[in-house]
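Undergrad: Predicted model follows, preceded by the sequence.
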Amino acid sequence: MFPEKLANLAESIKTVQKLAYGNKGKLFLYTALADMLPDYIRYFDGVVYTPHSVNDVHSLLKANNFCWTTKMNLWKVNLFDSIFFLILKSIFLITQTFRYGK
C-alpha cells in the first residue's frame, strides 16, 4: 500500500543483514499489487504475486511479461482456484476461437 516506505524498509533490511551476517540474504516481496513491480522490483530478489479477483488477471499478465523481459529468476504466482480456472477458461476460449475461427 505504501511502496516508497516498502522500498526504504527493504533497503534497511538488506543493510542490517549485511552488517549482522556479513552477506545479503534473499529478500522477497509478497504482494497482490502487480502494478508497482516495475518501479520497486529492484529492491527485492524475487516476487510472489497473488491475484485476488478477475480484475487482477490483466495485472498478472502484465507483471509476468515484465518479469520475463527483465529475466527475473525468482517469480512465483499463487493462484486461488477461481482465478486458476478463469485463466484456463480464457486460454480455452482463445484457443477455440483461433482453431475454429469463431
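TA: Received it, and whenever you're ready, just let me know what you need.

Undergrad: List the buried residues for stretch 35-42?
TA: Residues of stretch 35-42 classed as buried: 36-37, 40-41 (neighbour count, 16 or more other CB atoms under 10 Å). For every residue, glycine as well, the C-beta is placed using N, CA and C.

Undergrad: same question, stretch 8-23
TA: Quick answer for stretch 8-23 (16+ other CB under 10 Å): 10, 14.

Undergrad: Now find how far off-centre that stretch is within its chain.
TA: Centroid displacement of stretch 8-23 relative to its chain, using CA atoms, centre = their mean, to the nearest Å, is 23 Å.

Undergrad: go on, stretch 2-10?
TA: Put simply, stretch 2-10 sits 16 Å off its chain's centre (CA atoms, centre = their mean).

Undergrad: List of residues touching that stretch?
TA: Contact partners of stretch 2-10, identified using CB atoms under 8 Å, 6 or more residues apart in numbering, comprise 27, 29, 33, 36, 39-40, 43-44.
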